[in-house]
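Asker: Test case, fold it:
(4 chains)
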Amino acid sequence: MIQLEHLSVDLDEFHLRDVSLSVSENEFFVLMGPTGAGKTVLLEAVAGLVPVQDGRILIGGRDVTHLPPEKRGISIMYQDYALFPHFTVLDNIMYGLHFHRVDKDQRQERKKQLIEQLNLGHLLHRYPATLSGGELQRVALARALIVRPTVLLLDEPLSALDPAFREEIRDALVTLQERSGVTFIMVTHDFSDALSLAQRACVINNGSIEQTGDIADIFQRPTSRFVADFVGMKNCYQVNFRDTKAVIDGIEIETGRTWWRAYGYIAIRPEDVVISKKPLDSSMRNVFEGRIRSVRDKGFFYEAEVLVWNTVFVSLITKSALFDLDIREGVRVWIAFKATSIHLF
Amino acid sequence: MIQLEHLSVDLDEFHLRDVSLSVSENEFFVLMGPTGAGKTVLLEAVAGLVPVQDGRILIGGRDVTHLPPEKRGISIMYQDYALFPHFTVLDNIMYGLHFHRVDKDQRQERKKQLIEQLNLGHLLHRYPATLSGGELQRVALARALIVRPTVLLLDEPLSALDPAFREEIRDALVTLQERSGVTFIMVTHDFSDALSLAQRACVINNGSIEQTGDIADIFQRPTSRFVADFVGMKNCYQVNFRDTKAVIDGIEIETGRTWWRAYGYIAIRPEDVVISKKPLDSSMRNVFEGRIRSVRDKGFFYEAEVLVWNTVFVSLITKSALFDLDIREGVRVWIAFKATSIHLF
Amino acid sequence: MNTRELFFWVMLASAAVIMAFILLPMIQLLTAPSLPMLQKTIRDPDVLRSLWLSIYTSGCAALISFTLGTPLAYLLARTRFRGKGLIESVIDLPIVIPHPVVGIAILSVAGRNHWIGQILSALGIRIMGSVTGIVTVLTFVGLPFYINAAKEGFESVPVRLEKVSRSLGASMLSTFFRITFPLAGRSVLVGAIMCLARAVSEFGAVVIVAYHPMIAPVMIYERFEAFGLKYSQPVAFWLVFLCLVLFFVLRMLTLYRKKGG
Amino acid sequence: MNTRELFFWVMLASAAVIMAFILLPMIQLLTAPSLPMLQKTIRDPDVLRSLWLSIYTSGCAALISFTLGTPLAYLLARTRFRGKGLIESVIDLPIVIPHPVVGIAILSVAGRNHWIGQILSALGIRIMGSVTGIVTVLTFVGLPFYINAAKEGFESVPVRLEKVSRSLGASMLSTFFRITFPLAGRSVLVGAIMCLARAVSEFGAVVIVAYHPMIAPVMIYERFEAFGLKYSQPVAFWLVFLCLVLFFVLRMLTLYRKKGG
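Answerer: Residues are numbered from 1 along each chain as shown, chains lettered A, B, ... in the order given. Got it, this is the predicted structure:
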């Protein structure tokens, strides 16, 4: 459906290097990455809104690399929704039809259908300035879909919304995508959005693709240090593998399996590392003594750095545990984690 | 040392209403509250930088309510440090001495001492624009302390710093306060700063004081719904007490003690609420069946809302638990929490 | 600000002096002529003709600035390129050129020794002493004000709105007329009025190019030279009145913009 | 921006027309006089005297604007009060008043019929036909430019720096001179130069108040009237040269400020 072949973009602030990607028809595809990674630039390159330095863009088999945006059959929806402030909701929605040959019945049909699907009936004669975030978003979706694009590009559509409504709107997005039969490509930096919406995804960092694949695969089997960190595996170490053990700087970690390479990385999620004052008598195969190096507030939780020899393990602990265990800088503690919670790559 | 008596301030954007507060000599006192609560305005009122509508300010027994800022013997340090960009570090530090009669030996003595304590020797001839956040902060501290203020007012001194250095700088602040013998009043919205720095604190909201007292007391025994929420007790309910039970809308919660009032509030930290697929066979006295209403990403953790009858309980779960327990919207689960983790007020 | 400070009183005093310095002459000018005198003046066909010519030529200058300047303003608002600063400097140039010199410069290219003058002469267009000449000069001095205001207006329209419009199928031109221009409308209007106001008040450049036909500032000058202060004041009154109306409209527009967002 | 769009070429064309419209007259003015002619002109004591008088009177106007305007600019930058918009409007008023009318208005209060004229006369101060009169008129037209630039400069100095300075023991006045003024220095300088440039280019207001002593724009007008275009061009050349130097300094200052932050 959409193919990017060795795409390169050079702007003053952002750049993309040799991006190749393939999204199939009717797919919900997600582009993930940290702020400034070039996610939005990639969307705009597909839309023809930024000049492409090198490479090709194919939409439905047609080479659109040098077509102006209005001839590509795509729609884009920005994070701030970018509704036209001088038009009513209805005029915003109908805007795209001025530029497409659609007969009158068709127009009415599409309009009726979208207004119904997105529940916009009561808003039609209001101006964007008077709408709430969720309403703005629904109007922007209707405006983008009324021209029947082959691809809808979504730039962080959920991040401007009240978290309380996100769940609801995620569902709406999925339903909409399924019903409309349009390919959705969405940019997000929020992992949970990706998990609940997409089948496939790619992680982009510093203008290049780090990993592409099934969403669960990326989460559970990151293939690079950056992706491991991005999906929350804060404890990531370069190791030598020896039998079923991984060795970092004098510490032998039991991984419970043999690995096909002699060196590589292991990663453990901080929430899988348990801190205790005495060595835990449990099924956990890896138990080490260490010293608290720092404790940082992470909202509801504290993140404790435990120094074992020269290696730092990050563990998450609750506020109450902080009091109960008397965890402070310099205190001696034990950490433990299961062999099965170790990821190898 | 410092006494605020029924202080009221009216600015366009912020206001304070009837604030009374007493801070003793050589104390490290913290003002906490959410953004926009009026914390900075309160500091500026003490410093004489905003006009006071009503009430009195006493510093060391002297009524300073109508004195200009330069005659109050206070120093203020802002979040952005507000160093004078056209002066070198040394000139910044020495600035205040132009306006105080201090003999030459004394000047040199104070300068030497502060430069040493704050480790500024190598920065003296540089300009603020070339310094890092931590360096800027140390210079701002030296500049504020060289005039030997009776009170140092600190406006979120840590929030602009890299979290990795916070621990270190907290320690430095405590040491500095102890050595200088100056009363510190610090504003923060970060609970962990307050915990590690202050003996006493007050929580301010919407221009009024909600609670004043010992820092551990505020954390463990909030006296109002707002403070409970502010210190992370997300599950806060209005209840009727019956014997040792608290009743909310048909749910009977065992609190393990009797309360002196017939109605009031109970609060439980989300991290103390455990979610399971089957009723847990544990010592926890409160076990309820419910349905997951929503799951939200909170960085490292997910926050699940569980609906029990008509009451929502918030629980924190790890990313791995999300997968392991298959927690999704609509799923039936059991929640449990200990009677001892319930706070009554 | 503490009212007990000496510095505060210094500031107030300077404010009072400046207000007096600006307002007293204006008030005197507006109150000196008697009402019958003002009525008589405004019925004088010469005065009416010159006021009308002032409005007409300034209006033409604003219209030309609008037509020619809008595309350039949009170009400057939406692109970055090397030498953009230089182009912006050239646009500001007319502001700093002494007023009679503007007239001299325009005449320099309109004469028979210059190819432009030859072309104009072949086309039967006369600059010296003609309405065309006045409009040319007024456009020269007014253009920068229009372009700068319009540029700012276009800059304030989010590029994303244009991008969305393009993605929905609109061409660059359609997008400009349907989205960008309507949203920058107020700034464009402000620019046009600033251009108009600047043109109405010009004297030095016009007096070189065309003493006759007589625009209002030239007539004020002539009456002052020929009959003295007292006879120039009533004409000045009516011209200032015109300028103040423009100024008031301008203030309302910019004030409303700040509030309305 | 896509170069294949018609609209893009419309923009380029308008840019080219405007550049030509502004630059061609300026280039012709600057290249028309021969080198010997220019040398002869600049050695003419009358020309030198009028150029010098232009610089001197404009300099005085800028200095007066600086002295009187600085406290008011600071007041406007740091306080909010009802009627502030009105005061700002009054300050902008001189910009929109037609130039000869400014001269007429100043003369209106300087005459014997007005109490100010009587006071001035008692003090032996003459406005009509004097250097004092020229400086007064130039201050009137230049003041708004200084105040607006200085105000913007003061606004850009964070209030927190002043607050910290106060808390360290400095009075309001000390704080102004040690912190605010040095940090707003560049904007103050920009304002002074803008005021100077505006004053140097003024003609209409001055010609009413003082034909003699002759400032450079008046001399250009006189030479044009008496001897024609060819004889006014060399004087115009030197005055424009002076203005371009000021303009260049101004651009450098504002450019550097944008880059330097």
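
Asker: right, quick check: stretch A:44-55 against chain C, any contact?
Answerer: Yes - Stretch A:44-55 reaches chain C (C-beta under 8 Å from any C-beta of the partner chain) through A:44, A:47-49. Every C-beta, even on glycine, is put in place using the N, C-alpha and C of the backbone.

Asker: For residue 176, the count of nearby residues, please.
Answerer: Just so you know, I chose chain A. Close neighbours of residue A:176, defined as other C-beta atoms under 10 Å in any protein chain shown, add up to 20.

Asker: ah, no, chain C please
Answerer: Neighbour count of residue C:176, defined by other C-beta under 10 Å: 23.

Asker: Can you list the low-confidence ranges for chain C?
Answerer: C:1-4, C:256-261 (pLDDT under 70).

Asker: The longest helix along it packs against which elements?
Answerer: Looking across chain C with DSSP state H, the single longest helix is helix C:45-78. Applying 3 or more C-beta pairs under 8 Å, 6 or more residues apart in numbering or on different chains; DSSP states H and E, we find helix C:45-78 packed against helix C:84-96, helix C:131-155, helix C:181-201, helix C:216-227, helix C:229-260, helix D:6-31.

Asker: got CSV for the ones you listed, with mean neighbour count and distance to residue B:90 too?
Answerer: Converted to CSV, the helices and strands packed on helix C:45-78 look like this (neighbours: other C-beta atoms under 10 Å in any protein chain shown; distance: least, C-beta to C-beta, whole Å):
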stretch, mean neighbour count, distance to residue B:90
helix C:84-96, 17, 38
helix C:131-155, 24, 42
helix C:181-201, 23, 48
helix C:216-227, 21, 59
helix C:229-260, 17, 43
helix D:6-31, 17, 51
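
Asker: Go through these and name the closest to residue D:217.
Answerer: Residue D:217 lies closest, by C-beta to C-beta, to one member of these: helix C:84-96, at 12.6 Å.

Asker: near chain A at all, the closest one?
Answerer: No - if you take C-beta under 8 Å from any C-beta as the test, helix C:84-96 misses chain A, and the best it gets is 13.8 Å.

Asker: quick one: contacts for the residue nearest to residue C:221 when sequence neighbours are not counted?
Answerer: In space, residue C:221 comes closest to residue D:100 once its chain neighbours are excluded; the distance is 4.8 Å by C-beta to C-beta, 6 or more residues apart in numbering or on different chains. Counting by C-beta atoms under 8 Å, 6 or more residues apart in numbering or on different chains, residue D:100 touches C:203, C:217, C:220-221, C:224, C:232, C:236, D:204-205, D:207-208.

Asker: A helix includes residue D:100, no?
Answerer: Yes - looking at residue D:100 with DSSP: H, G, I helix; E, B strand; the rest coil, it is inside a helix.

Asker: From residue D:137, how far off is it?
Answerer: 11 Å (C-beta to C-beta, to the nearest Å).

Asker: Can you pull the residues that touch both of these two?
Answerer: With C-beta under 8 Å, 6+ apart, residue D:100 and residue D:137 have common neighbours residue D:205.

Asker: and the stretch 151-261 of chain C, which residues reach chain D?
Answerer: Neighbours of chain D within the stretch 151-261 of chain C, by C-beta under 8 Å from any C-beta: C:171-173, C:176, C:197, C:200-204, C:207-208, C:216-217, C:220-221, C:224, C:229, C:232-233, C:236, C:239-240, C:243-244, C:246-247, C:251, C:255.

Asker: let's go with 6 Å and repeat that
Answerer: C:172-173, C:197, C:201, C:203-204, C:208, C:217, C:220-221, C:224, C:229, C:232, C:236, C:239-240, C:243, C:247, C:251 (C-beta under 6 Å from any C-beta of the partner chain).

Asker: And the helices in chain A, which stretches?
Answerer: Counting by DSSP H, the helices of chain A are A:39-47, A:89-94, A:104-117, A:133-145, A:163-180, A:191-197, A:215-220, A:225-230, A:319-324.

Asker: Mean pLDDT lowest where, among those helices?
Answerer: For these, mean pLDDT drops lowest on helix A:319-324, to a mean of 66.

Asker: tally of neighbours for residue C:76?
Answerer: By other C-beta under 10 Å, the residues close to residue C:76 number 24.

Asker: Ignoring the adjacent residues along the chain, who's closest to it?
Answerer: Closest residue to residue C:76 apart from its sequence neighbours, by C-beta to C-beta, 6+ apart: residue C:151 at 5.0 Å.

Asker: What residues does the one you found make contact with?
Answerer: C:73, C:76-77 (C-beta atoms under 6 Å, 6 or more residues apart in numbering or on different chains).

Asker: Report the closest residue of the stretch 201-345 of chain A relative to chain D.
Answerer: residue A:207 (22.9 Å; C-beta to the nearest C-beta).

Asker: Surely that residue touches residue A:11?
Answerer: No - with contact defined as C-beta atoms under 6 Å, residue A:207 does not reach residue A:11; the gap is 10.1 Å.

Asker: which residues does the closest residue to residue A:288 other than its chain neighbours bridge with?
Answerer: With C-beta to C-beta, 6+ apart as the criterion, residue A:288 has its nearest non-adjacent residue at 4.5 Å, and that residue is residue A:308. Note on residue A:308: beta-bridge partners residue A:311, judged by DSSP bridges.
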